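Enquirer: how would this look folded up:
(one chain, ligands or ions: 2)
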Amino acid sequence: MIVCDCLHKTFGTVTAVDGVSMEIKDGTFLGLLGPNGAGKTTLMRMMTGLLSPDTGTILFDGQPMDRNAVAVKQAIGVTSQHINLDKELTVEENMEFAGRLYRMGKADIAASTDRLLSFLGLESVRRRVSQSLSGGMKRKLMIAKALIHDPRYLFLDEPTVGIDPNARRDIWDFLRMQHKEGKTILLTTHYIEEAQHLCDDVMLIDGGKIFREDTPEGLIAEIGPFKVEYEGEDERMKSEFFGSLPEAKARAASLDVPCSVLPSTLEDVFFHHTSKGVGGWK
Ligand SMILES: Nc1ncnc2c1ncn2[C@@H]1O[C@H](COP(=O)(O)OP(=O)(O)OP(=O)(O)O)[C@@H](O)[C@H]1O
Ligand SMILES: [Mg+2]
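Expert: Ligands and ions are numbered 1, 2, ... in the order given. A predicted model of the protein is given here:
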């Protein structure tokens, strides 16, 4: 279990993380959603020991995470928001380099590399230098590297940014498999559909503060599981939310403009809080 208590981080006059406390139970697939600059990457960098909090503590199974926490770091895998592969190295050399950092033996590195490259469809490019890979392949390789040492905890900062829908689905399938095998996963994403698809728990963050946490279904139930969508007089799409299908249908019948009755999504939750300005979103 991961326990964060009252984490704060400022950069000069900017407060990036402002008093975050949370518990992540083993086996959870947690999504961290929030607008640009909300503090997601800073929070993740502190949790993975890449950045020290100004105040607050982070415990993995009771062990503190800090820059020198070797045993704790051994239990985690991380992919950063920006691609950070060794460009001149081949795919398999990147894997070998990552394995060596965790002091793995040659045979273990080879076995883990074969398994991960095969699962992620990178077998055919294993001897290509990583700078010649497509964007989707690079993202897959970053995930493979993060898992070389079979960590218990996986931290993914926007792992599918800028890749095509097929490659994204491949990554989703792979992550779902990792989750089923028992890994605890923390994911940030701007693809809200991705969080709805994968995560069993979602945290909404803005201004460095977590202001909602629930299952995707719980967050959707809070705004209303059905919506009526129609074009308003200002030519902008309007959504109204309802607690039941009959209520949504009754509202649709009362409108004299074309409209649709649809199930609400996590994206609606995001926009709902945005338009209400909850958590400071504008
Ligand atoms: N090294 C740094 N030096 C100065 N300011 C920083 C640094 N890292 C982050 N910040 C600031 O902290 C705030 C939070 O940034 P962070 O990268 O954590 O946001 P984010 O939620 O990951 O955003 P995005 O969705 O754009 O990746 C921003 O205002 C950012 O400019
Ligand atoms: Mg970020």
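Enquirer: Spell out, range by range, the helices that occur in the chain.
Expert: All helices of the chain, identified by DSSP state H, fall at 40-47, 70-74, 91-101, 106-119, 135-146, 165-180, 192-198, 216-223, 245-254, 266-276.
Enquirer: In the chain, what residue lies closest to ligand 2?
Expert: Using CB to the ion, the closest approach of the chain to ligand 2 is made by Thr41 at 3.1 Å. C-beta: built from backbone N, CA, C; applies to glycine.
Enquirer: ok, that residue touching Gln81?
Expert: Yes: using CB atoms under 8 Å, Thr41 is in contact with Gln81, at 5.5 Å.
Enquirer: what sits in contact with each of these two?
Expert: Residues touching both Thr41 and Gln81 by CB atoms under 8 Å, 6 or more residues apart in numbering: 157, 188.
Enquirer: out of these two, which sits in the more crowded spot?
Expert: Each of Thr41 and Gln81 has its neighbours counted (other CB atoms under 10 Å); Thr41 has more, 20 against 15.
Enquirer: Let me know the pLDDT of the more buried one.
Expert: Thr41 carries a pLDDT value of 97.
Enquirer: now do Thr274
Expert: pLDDT, Thr274: 63.
Enquirer: Can you tell me, leaving aside adjacent residues, what's nearest to the spatially most central residue of the chain?
Expert: For the chain, the residue nearest the mean C-alpha position is Leu187 (1.8 Å; CA atoms, centre = their mean). Spatially, and ignoring its direct neighbours in sequence, Leu187 is nearest to Leu156 (4.7 Å; CB to CB, 6 or more residues apart in numbering).
Enquirer: ok, that neighbour touching Thr188?
Expert: Yes: assessed by CB under 8 Å, Leu156 is found in contact with Thr188 at 7.2 Å.
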